[in-house]
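Novice: take a look and give me a structure for this.
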Amino acid sequence: MDAPNLLTIPVELRELIYGFLFRSYTIRHGFKHPSMPGKDSEPSNRIALLLSCRQIFAEANRHLPLNCTLHFRGTENLLETLLSVDQSVVTRLRHARVRAFPFPLYPSGSSQYYPMYYAANALTLFPGLCLDTLVVEDCWHGFGMGDGWRDVTTYFDIETLLKSDAWKELTYITPCTDFIASGYDHLRKRSAQPGTWDALIKERDGEEFGAQVKMYIVPYKQETATGDERTEDGRIMQPWAAKPGHEVNENWRIAGPEQDLKGEVRIIAKRGKRSRAVQLGLSQKTTWSELKGKEAGGFAPEVSPIALFLTLFAGLSIAQQYPLPVTYDRIIKSPINPDITISYKKVNSRTCATTSKWQKQYSGYINFPPLTLAPYQQNYPINTFFWFIEARNNPEKAPLTIWLSGGPGWTSMHELFQEIGPCKLVQNPDGTYRTEPRLWGWDRSSNILFIDQPTQAGFSYNERVNASIDFSEDDPASLASRMQPSPLPADTPAWRFKNGTFASGLSSNTERLSAIAARSSWHFLQGFLSVFPQYNPRIRPGRTIVKSSAINLFAESYGGTYGPIFADYYEEQNGKRKQGTIPANTLDIHLSSVGIINGILDVVIAATAALNFAHNNTYGISWVDQATLQDAISGINSEGGCRDLAQQCQNMVALSDPEGFGDDADTNTVCATALNVCTFAAIAAYNVPRSIYDIRVKPEVSPGFAFSEYLNQANVLRALGAPVNFTSSSGAVLEAFYSRGDAVRGAQLSSLAGLLARGIRVALIHGDADLICNWYGGQNYSLEIAKLVPGYKTSFPAAGYADIRVKNANVGGQVRQFGNLSFSRIYDAGHQAPYYQQETTFTIFTRVIQGRDVSTGRRVDLFKFRTKGPSTSQHLNVVPPEPASVCWIREAADTCTSDERAAIAAGQGNVKAGIWTPEEGSTSTKTKRKTKTKTKEKKTKNHRGVEPTKPTVTEASVPLIDAFMAVSTPTIDKRSGASTLAPSFPFRLPRFVVFVDAAKEQKKQRKIRDGLLGGLASAAALFL
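Specialist: This is a model prediction of the structure:
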């Protein structure tokens, strides 16, 4: 009698089980903290109950396919079932059992059977199928169909299954020994087994990785059976081997004693640990009956599998974009902490083209189990994605640069493809994308490690969840917007709807503050550098002397908060290691330099600088008058204003949350309130119909998100070893950081001052067209840092601004530098300065990490060096004509006009290469796209964020020395034309922010000052 499954249990009993499982759960929501005004308690919000039910359903939906076994009566039943369910279910199945009937393909019932080893070929219809266990029962013999052909066909069915990709462990059960012991094999294709099959799979998957095939017999006469292993029903099975029957007929002497045994035969195969245990092929959303399609039956007996695939290709499900299960070149434990696992693979140059074929690239994950970050209560796993690229020249001697993007929650892949990485995206004539080497990639002078952090940013994840997303939503991949996996809905265009795999989306499952993220990044680097010691400049293999480290930490945007806090934590850990309070086998992470590009270091200075910039800037664009400016500055400095609340927050952090774990509710409330007040304090500056990341353009003008399309291609996901779909930003991380006021808590300026006092170089770099992290604020940050370090307080302000001279004597900006501290203003660059001025920013980067004069690249004694020039940077910019914007479907909320978004929501228009365009003849969106004539200029980038399709300049044509040294009289670089006017959004207002009039804002501020969070959810998250 078969064991009952859940659905065979009476519904009354199932309800009792559900009751038992859930009666211990309490869903709490809406209860006020005791310190907050209001009623003693409030009723739970019904949304909390609905979300909890939804989560329980989602978890059950995820875990059921992973743990249950699907048992099919025959191959046709398997096809009928799996071809009619969503691919998200297929890709999560782990256990299957099927009886391999040679079912008639003809309604006549004739004895013709499918001679193409059908059980194996059926699996090719299910791309992404990755079974832990597959059991195939051969039933041909029991039905007596055909003659000796059935034995040979069974033999090759087994062999074809062994060559298939959909399983990790295969058990093939055949009811008798005829498949090999019979004498019929006129083609002489059989061979002795299991030795030949074992050799086949060892050659395929690697003997050293555990690949093997064993064969057993379950004797009919159990009383004479020997052996220690048993079947699932308790019968004894013993190892068995046999020679092919036709060979025994010709020479009976070769037959062993096993040859005469009769019984059921089991072939048990296991794949190697490095094998690709995932089926590649095509998917078809239809029933098997519809697929056969012929009135007189199915395929002809000798139909080609290729013809079958071509038939299916036309019906490929275009709504599916699940990543296929991935494999890695190596999966190893960290030598420093065995709880940390490093999984990585070598990335081929087709995925990211480099100038040298010898440059190595690695991508993968550092995996932490829960509680790795103790004493912080990390109750979720951490899978942090990295992409490492060697330097173009002498990587074994090159420094290492760690890159952190901003957000919080933004991916570092943007900077890899759009700003500083070794490759750039190029659009082909057919709309597809490819990569080509980038001339001014930072790999020219350093090994580079790109990290997606905190957890759930970019490719990083805590756990994988399948979901359907609709790109008409404000934040399609957020937990609030995503849906249960489903087929393409009726009346919804395929370009707007995708199924995929994502991180959980839970804000509780990420490092919720920069102080926690610093711990996570330290553990990450312990794992990475222990596995790749050849890239750690401090302990390179073969050295007998430990040399000074040459690790550099560069960050952008919200990285202005990450960078100082991370670097300070690294130095703190170095001290603990020296004192013996942490294990001696941990690695020092000594930094040579810390660079911040258009970063946020202090919210009070940032708010003040934004107002001053909006009132008067070097582009001659002003939208805040003198009276408004004075009122806003007064509000910032008043009691209960931005400065006051920021100080209160920092006092409470020091008293109640010194470790920065975000566990104290009162501290979280005060800090979140301070962040909200500081945001609204500068509302007059941000309330402008221009991009706050580049005041030269409208808000929807962007550099393009071609990289989001590219990184979601199946071949790219597989090449990188990414088991989740790519998303550019994480709302979960944003929510976690802003609900605790992270940007207000930190002592970023004092941390940088401490680094400077230790002899670590500190470089602040700012594009001068940015508003939200503008260069006025950067200049003020540098002066505040100097005040905190003896020897810098007077000497740094006394240094003058010198021109930054780059190749061909161009001037890319100005720098003030004294000792190890420098502040650089980059001309004609927005928030992400390297995107706009790649050569200038690369030149500054290289001079900083080499400890040179940032102005000229000369080797100088930094302890005595200071720049000479005027005390202020007075260069005036020219606003160029504005380029047209492009509506990217994956980032519609940021790059599309309101009319375009309305058309997208209505399912109108077309999408090619990720770009939405209106339907031919449509006029509803054209008025929003009218722009001025583009200027004529050097063609460096188009507004789609990809390079033009033309031959790239080779490295040899631009000598490396030109990037470091200025050799002639400088001129101003005039490359600020329309083609470079393209900001991105790693440090941004949330998609749901809507500015309202000043009176309403003043009323909201009064409420906030009374202690209520008010509009935190809708406006505090300024710094995404």
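Novice: return the helix or strand in the chain with minimum mean pLDDT.
Specialist: Taking mean pLDDT, DSSP states H and E as the measure, the helices and strands of the chain show their lowest mean at helix 305-313, namely a mean of 34.
Novice: what sits against residue 261?
Specialist: Applying Cβ atoms under 8 Å, 6 or more residues apart in numbering, one finds that residue 261 lies in contact with 177, 217, 219, 240. To be clear about C-beta, it is placed using only N, CA and C from the backbone, and glycine gets the same treatment.
Novice: ok, which stretches of the stretch 651-800 of the chain are helices?
Specialist: Secondary structure of the stretch 651-800 of the chain, counting by DSSP state H, counting those that start in this stretch: helices at 665-681, 683-686, 706-710, 714-720, 731-738, 742-745, 748-757, 775-787, 795-798.
Novice: out of the contacts of residue 261, what pair is the most spread apart?
Specialist: Using Cβ to Cβ, those span at most 10.5 Å, a distance reached by 177 and 219.
Novice: which stretches of the stretch 451-600 of the chain aren't confidently modelled?
Specialist: Within the stretch 451-600 of the chain, the set of residues satisfying pLDDT under 70 comprises 538-549.
Novice: ok, residue 815 touching residue 822?
Specialist: Yes - with contact defined as Cβ atoms under 8 Å, residue 815 reaches residue 822; the gap is 5.7 Å.
Novice: where do the contact lists of the two overlap?
Specialist: residue 854.
Novice: what's the helix or strand in which residue 417 is found packed up against?
Specialist: With elements taken from DSSP states H and E, the one containing residue 417 is helix 413-418. Secondary-structure packing of helix 413-418 (3 or more Cβ pairs under 8 Å, 6 or more residues apart in numbering; DSSP states H and E): strand 423-427, strand 447-452, helix 706-710.
Novice: avg pLDDT for the last one?
Specialist: Right, helix 706-710. Confidence over helix 706-710, taken as the mean pLDDT, stands at 94.
Novice: can I get that helix as PDB, trimmed to CA atoms?
Specialist: Coordinates of the C-alpha atoms in helix 706-710 are reproduced here as PDB (Å, rounded to 0.1, in the frame of the first residue of the first chain):
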ATOM      1  CA  ALA A 706      22.000  48.600 -21.200                       C
ATOM      2  CA  PHE A 707      24.000  46.800 -18.500                       C
ATOM      3  CA  SER A 708      20.700  45.700 -16.800                       C
ATOM      4  CA  GLU A 709      19.600  44.100 -20.000                       C
ATOM      5  CA  TYR A 710      23.000  42.500 -20.600                       C
END
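Novice: distance of the nearest residue in space to residue 750 that is not next to it in sequence from residue 796?
Specialist: Take residue 750 and drop its neighbours on the chain: the residue closest to it by Cβ to Cβ, 6 or more residues apart in numbering is residue 788, 6.0 Å away. Here the distance between residue 788 and residue 796 works out to 11 Å (Cβ to Cβ, to the nearest Å).
Novice: the two: who's more crowded?
Specialist: Under the criterion of other Cβ atoms under 10 Å, the comparison of residue 788 against residue 796 puts residue 796 first, with 23 against 16.
Novice: now do the contacts for the residue nearest to residue 361 when sequence neighbours are not counted.
Specialist: In this structure, residue 361 finds its nearest non-sequential neighbour in residue 347, 3.9 Å apart by Cβ to Cβ, 6+ apart. Counting by Cβ under 8 Å, 6+ apart, residue 347 makes contact with 361-363, 387, 719-720.
Novice: most neighbours among these, please name it.
Specialist: Of all the contacts of residue 347, the most densely surrounded is residue 387 (26 neighbours; neighbours counted as other Cβ under 10 Å).
Novice: so it sits in a strand?
Specialist: Yes - with the criterion set as DSSP: H, G, I helix; E, B strand; the rest coil, the secondary structure at residue 387 is a strand.
Novice: quick one: contacts for it?
Specialist: So, once contact is read as Cβ under 8 Å, 6+ apart, residue 387 ends up touching 347, 361-363, 412-413, 416, 449-450, 720.
Novice: can you put the residues you listed in a markdown table and add distance to residue 586?
Specialist: Written out in a markdown table, the entries for the contacts of residue 387 read as follows (distance: Cβ to Cβ, whole Å):
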| residue | distance to residue 586 |
| --- | --- |
| 347 | 28 |
| 361 | 27 |
| 362 | 22 |
| 363 | 25 |
| 412 | 25 |
| 413 | 29 |
| 416 | 28 |
| 449 | 18 |
| 450 | 23 |
| 720 | 28 |
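Novice: which one of the helices of the stretch 651-800 of the chain lies nearest to residue 483?
Specialist: Nearest of the helices of the stretch 651-800 of the chain (Cβ to Cβ): helix 731-738, 15.6 Å.
Novice: just the residues contacting the closest one, thanks.
Specialist: The contact list for helix 731-738 (Cβ under 8 Å, 6+ apart) reads 407-409, 454-457, 475, 477-479, 503-514, 672, 675, 743, 990, 1016, 1020-1021, 1024.
Novice: what about the closest residue to residue 726 other than its chain neighbours, how many residues close to it?
Specialist: Computed as Cβ to Cβ, 6+ apart, the closest residue to residue 726 that is not its neighbour in sequence is residue 711, at 3.9 Å. Neighbour count for residue 711, taken as other Cβ under 10 Å: 25.
Novice: who's in contact with residue 711?
Specialist: 413, 459, 717, 720, 722, 726 are the contacts of residue 711 under Cβ under 8 Å, 6+ apart.
Novice: do you know how far it is from residue 414?
Specialist: Distance check for residue 711 against residue 414: by Cβ to Cβ, it reads 10 Å.
Novice: now residue 668
Specialist: 29 Å.
Novice: out of these two, which sits in the more crowded spot?
Specialist: Here residue 668 and residue 414 are compared on neighbour count by other Cβ under 10 Å; more neighbours surround residue 414, at 27 against 24.
Novice: helix or strand right after the host helix or strand of residue 596?
Specialist: In the assignment (DSSP H and E), residue 596 maps to strand 591-597. Counting by DSSP H and E, the next helix or strand C-terminal to strand 591-597 is helix 603-615.
Novice: what's that following helix packed up against?
Specialist: Here helix 603-615 is seen to pack against helix 626-637, helix 642-656, helix 665-681, helix 683-686, helix 775-787 when contacts are counted using 3+ Cβ pairs under 8 Å, 6+ apart.
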